[in-house]
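Trainee: can't give you the sequence, but here's the structure:
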């Protein structure tokens, strides 16, 4: 799996993912902090990456555009430090990596995660 880490994602989180064998690009490292949310999603899509973010706007963008990729993992946790985010992320990846690869929005919370396959069907 390849990831694109949004601005709010700690470099500590990126480093741990890299140590686990994942390819991770960070918006800050790439000097892309000026990009709009739509442009960040396009970049993730074009590079086959899963977006890691704290920003709910990415889920909204995917829902309105009916895209089936890229997947987005959104962290909605009380404690947003790497010491809390990293274990939740690794646990979530171990449970639903196949769904994430196929296209999903995953909301990672303190004690659970919620997964919606893409594209989001707004007719339901």
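Mentor: Done, it's in. No experiment lies behind these values; they were computed from the predicted model shown.

Trainee: First-to-last residue distance for stretch 75-86?
Mentor: Start to finish, the residues bounding stretch 75-86 are 11 Å apart (CA to CA, to the nearest Å).

Trainee: Could you pull out the buried residues of it?
Mentor: Residues of stretch 75-86 classed as buried under the neighbour-count rule (16 or more other CB atoms under 10 Å) are 75, 82, 85, 86. All C-beta spots, glycine's among them, are computed from the backbone N, C-alpha and C.

Trainee: for stretch 8-28, same thing?
Mentor: Those would be 9, 10, 13, 14, 16, 17, 24, 25, 26, 27, for stretch 8-28 by 16+ other CB under 10 Å.

Trainee: element containing residue 107?
Mentor: Assigned by DSSP states H and E, residue 107 belongs to strand 104-108.

Trainee: Now do the same contact list for residue 14.
Mentor: With contacts defined as CB atoms under 8 Å, 6 or more residues apart in numbering, the neighbours of residue 14 are 5, 24, 26.

Trainee: how about the residues you listed in TSV, adding distance to residue 66, secondary structure and pLDDT?
Mentor: Listed next are those as TSV, based on distance: CB to CB, whole Å; DSSP: H, G, I helix; E, B strand; the rest coil; pLDDT from 0 to 100:
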residue	distance to residue 66	secondary structure	pLDDT
5	25	strand	97
24	27	strand	98
26	28	strand	96
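
Trainee: for those, which one is nearest residue 41?
Mentor: Relative to residue 41, the closest of these is residue 5; by CB to CB it sits at 13.7 Å.

Trainee: Pull the contacting residues for that closest one.
Mentor: Under the criterion of CB under 8 Å, 6+ apart, the neighbours of residue 5 are 13, 14, 24, 25, 26, 27, 52, 53.
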